[in-house]
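Asker: The following comprises the amino acid sequence and a computationally predicted model.
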Amino acid sequence: MIADVVFDAPMLHPFSYRIPDGVHVAPGQRVLAPLRGAARVGLVVGVRERTDEQLRSLVRTVDAEPILSAAQLELARWIATESLSSVGGTCAALLPPPGGRAPTAGRAATAERPASALEHVAPVERGASADCAVRSTPWRPGSSASEPRLDLLVGAGRERRALDRIASAEAAVVFTADVESAGRWAGRLAKLGRVVRLDSGVDEEARARAWTELARGSVALAVGTRSALLVPLPAHACMVLLDEHEAAHKPPGPPRMHARDVVLERARREHVPTVLTSATPSVEVWWRADRGELAADSAPLGAWPAVTVADTRGIVRREPLTPPLARAIRETLALGRRVFLAVSRLSSALACDECGEVVRCGECALALGYSRAAGVLTCRLCGDRMPLPDLCPGCRGRRLSPFGWGIERVEHAVRRRFPNIRVARYDPDAARGARGEAQRAAASAADVVIGTRGALRLFGPASLGLAGFVSPDQLLRVPDFRSSERAFSLMWAAAERVRGDGAVVVQSQTPSHYALEALARQDLGAFYKQELKFRAELGYPPFRRLAVIAVRGAGATETRALADDVCAALRRSSRLTVYPSIAERHDRQRRIVVKGHADLAAVLRPALEDFLAPRSRSRGIMSVEVDPVEWQP
DNA sequence: AGCACGCCGACT
DNA sequence: GTCGGCGTGCTC
């Protein structure tokens, strides 16, 4: 008997080993196998009836029984295939640590009695759960009854509604975007029954135990992050993915797929009713809901603060606070309420101080990246470069400038104007560790908090009197097709944290931007309608799919040549739009952006075959990122 | 990914 | 004369 084993390494093919006589291993089971001298943990993906004395033998089993069922293994294969990455690397990122700690020689005894390995052929397969049809929320037409129920919860009280769904299900697995939120939800669910955690907020042994308990069905509630996406689901469980729009659901590294896409695919394959929650769903998910693939349930809209958009066009930029914002701050402080001023650390685009026009790429419509040092504007997508223009393309005015108010300048301005109040700044992305803790403590007690996106976690719903956006234009102008979506999401999240009788002030040079109008009207649909129009017109997700390929050769010349080769290979496919490669890291690396269709992965794989195959021209391809979310260099 | 093998600089 | 830099090649 021969076992095919994959490892946590960028090798796309499995390795074959002889299974010693009397030992039983099954697909989905982890084993210790010799690989280049050392014994390494690998995952069995196939067992074949054949003999080959040339092959080396497996050392022993690591799990007494398969940790992944056939269905789970198939899902892992799908993730790997769709993301052009290895099954081994994907599984390594999605499995609990083997045995809770490194295997020791003493545990080798497991290998001598592996009969149990085949007795429990892991988790239970389920049919469509009939019990889920009883719920109260309307179910849109468009999906047949055999398909699982998929809900998108937006609007006020969405977490409460998610909790109700969990309470009425027999079992539930909740996926959060980060460990902090996993801890919070574990606490919430504890009122319903015993909860196990699968995230790194608990130790490795507890995670491994949680996995086994779920497989046995001895616990009904679990919370985890994306590392738990392959966890065995108890019978009649539902899945809940929280804050679907969060970029943390697809950080760099394996598994190279958005947690939401894995959850939806799993729901489909295993007929598991699934709930996504989000204040501002990703455009991709909103679109799927529009098409009836998910049932969008927007509860009654909660109270909404008064939103004022302060037009900053033509205003001399010496002062970050416009009169409307300064007045709102004064009034809010007079009421003894707290103020949050949102600032951004980004300032990378060129805009006109007169008319607010942003200098964009003629081809891609993205704001062109501004580099003062190089004296050029570059398109992050197509790589087009142009010298800094003298005149505004909109009004022919001469006042083009990179726009941005940094956190320090805003803090200074606030202190000067309001000398007797407690002002704190909070930028958790910049200040980590002890300094971050100190900042956080100061910010928790301050009257006015000046901070970036991450500072929102300081405030609960309706806890603020005022949220002010000093210059969200910086966010709207980020050279990324998702810039509007991100800016809208941030502003909406801030508005949700303001009392219904409070205020939101947005300073902008583009006061009629649809994101601002939708925010002011508390109208999610209005934003997505415009955003989808923009995405459709220019061929961005969800209408087209993107991939980013990074290439690196020995030097600038070699890198260039390799990138040209890759581009040429990709251009042979009529299903792909290939943009010219962009130099990065002082010409040491090149990035190639490819646009495709729904079949992107299937088209990309054969096109890149020569470059990804072992022992060929593989060296040089640094990474292939399909459906990137964060794709800055 | 690791880990070994392989040719060019400063050291007991 | 060696020890060691990490470039490149392979792992059942």
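Answerer: Done, it's in.

Asker: Please make it C-alpha for all contacts and neighbour counts, starting now.
Answerer: Fine.

Asker: Show the backbone phi and psi for A:Ala438.
Answerer: phi -60, psi -40 (degrees, to the nearest 10).

Asker: And for it, the neighbour number?
Answerer: When neighbours are counted by other CA atoms under 10 Å, A:Ala438 registers 14.

Asker: cool, and the one 3 residues further on?
Answerer: When neighbours are counted by other CA under 10 Å, A:Ala441 registers 14.

Asker: Need the three-state assignment for it.
Answerer: Three-state assignment for A:Ala441 (DSSP: H, G, I helix; E, B strand; the rest coil): helix.

Asker: measure it to DNA strand C for me?
Answerer: 42 Å (CA to the nearest atom of the strand, to the nearest Å).

Asker: A:Asp480 too?
Answerer: Where DNA strand C is concerned, A:Asp480 sits at a distance of 33 Å (CA to the nearest atom of the strand).

Asker: try A:Arg77
Answerer: With CA to the nearest atom of the strand as the criterion, A:Arg77 and DNA strand C are 19 Å apart.

Asker: Check A:Ala80 too.
Answerer: 18 Å.

Asker: and that residue, what element?
Answerer: helix A:70-82 (DSSP states H and E).

Asker: what packs against that helix?
Answerer: helix A:87-94, helix A:600-612 (3 or more CA pairs under 8 Å, 6 or more residues apart in numbering; DSSP states H and E).

Asker: which parts of it are buried?
Answerer: Neighbour-count burial for helix A:70-82 flags A:70-82 (criterion: 16 or more other CA atoms under 10 Å).

Asker: what stretches of chain A score poorly on pLDDT?
Answerer: Across chain A, residues meeting the criterion (pLDDT under 70) sit at A:99-145, A:316-317, A:345-348, A:403-404, A:554, A:585-586, A:613-622, A:631-633.

Asker: Which positions in it make contact with DNA strand C?
Answerer: A:11, A:14-17, A:34-37, A:55-57, A:554, A:614-615 (CA under 7 Å from any atom of the strand).

Asker: Out of those, who's the most crowded?
Answerer: A:Tyr17 (24 neighbours).

Asker: returning to that earlier point: tell me which of the residues of chain A next to DNA strand C fall in helices.
Answerer: The helices, defined by DSSP state H, take in nothing from those.

Asker: Tally up the residues packed near A:His412, please.
Answerer: A:His412 has 13 nearby residues by other CA under 10 Å.

Asker: What strand or helix carries it?
Answerer: helix A:407-417.

Asker: And for that helix, what's in contact with it?
Answerer: Helix A:407-417 is contacted from outside by A:Glu319, A:Pro320, A:Leu321, A:Val343, A:Ser344, A:Arg345, A:Ile421, A:Val423, A:Ala424, A:Arg425, A:Ile450, A:Gly451, using CA atoms under 8 Å, 6 or more residues apart in numbering.

Asker: Please report phi then psi for the last one.
Answerer: Backbone geometry at A:Gly451, expressed as degrees, to the nearest 10, gives phi -160, psi 170.

Asker: re earlier: name the member of the contacts of helix A:407-417 with the most neighbours.
Answerer: So for those (other CA under 10 Å), the most neighbours sit at A:Ile450, 27 neighbours.

Asker: give the contact list for it.
Answerer: A:Phe340, A:Leu341, A:Ala342, A:Val343, A:Ile407, A:Val410, A:Glu411, A:Val423, A:Ala424, A:Arg425, A:Tyr426.

Asker: how much space is there between it and A:Pro27?
Answerer: 53 Å (CA to CA, to the nearest Å).

Asker: just to revisit the earlier point, so which of the helices and strands packed on helix A:70-82 is the most packed in?
Answerer: For the helices and strands packed on helix A:70-82, the largest average neighbour count (mean count of other CA atoms under 10 Å) is found in helix A:87-94, namely a mean of 24.

Asker: Dump it to PDB, restricted to CA.
Answerer: The C-alpha trace of helix A:87-94 is given here as PDB (Å, rounded to 0.1, in the frame of the first residue of the first chain):
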ATOM      1  CA  VAL A  87      -2.900  21.500  -0.400                       C
ATOM      2  CA  GLY A  88      -0.200  21.000   2.300                       C
ATOM      3  CA  GLY A  89       0.200  24.700   3.000                       C
ATOM      4  CA  THR A  90      -3.500  25.200   3.000                       C
ATOM      5  CA  CYS A  91      -4.100  22.400   5.500                       C
ATOM      6  CA  ALA A  92      -1.300  23.400   7.700                       C
ATOM      7  CA  ALA A  93      -2.900  26.800   8.100                       C
ATOM      8  CA  LEU A  94      -6.300  25.200   8.800                       C
END
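
Asker: Do any residues in it lie close to DNA strand B?
Answerer: No: Helix A:87-94 does not reach DNA strand B (CA under 7 Å from any atom of the strand); its nearest approach is 8.6 Å.

Asker: burial count for A:Val359?
Answerer: A:Val359: 24 neighbours (other CA under 10 Å).

Asker: and the gap between the residue of the stretch 51-200 of chain A found nearest DNA strand C and A:Leu341?
Answerer: Relative to DNA strand C, the nearest point of the stretch 51-200 of chain A is A:Arg56 (3.9 Å; CA to the nearest atom of the strand). In this view, A:Arg56 and A:Leu341 are 63 Å apart by CA to CA.

Asker: Same check on A:Arg18?
Answerer: Applying CA to CA to A:Arg18 and A:Leu341 gives a distance of 64 Å.

Asker: Between these two, tell me which one has more neighbours.
Answerer: Counted by other CA under 10 Å, A:Arg18 and A:Leu341 do not tie: A:Leu341 has more neighbours, with 27 against 22.

Asker: give the contact list for the residue nearest to A:Arg588 when sequence neighbours are not counted.
Answerer: Nearest residue to A:Arg588 in three dimensions, chain neighbours excluded: A:Ala556, at 5.4 Å (CA to CA, 6 or more residues apart in numbering). When contacts are counted by CA under 8 Å, 6+ apart, A:Ala556 is found next to A:Asp587, A:Arg588, A:Gln589.
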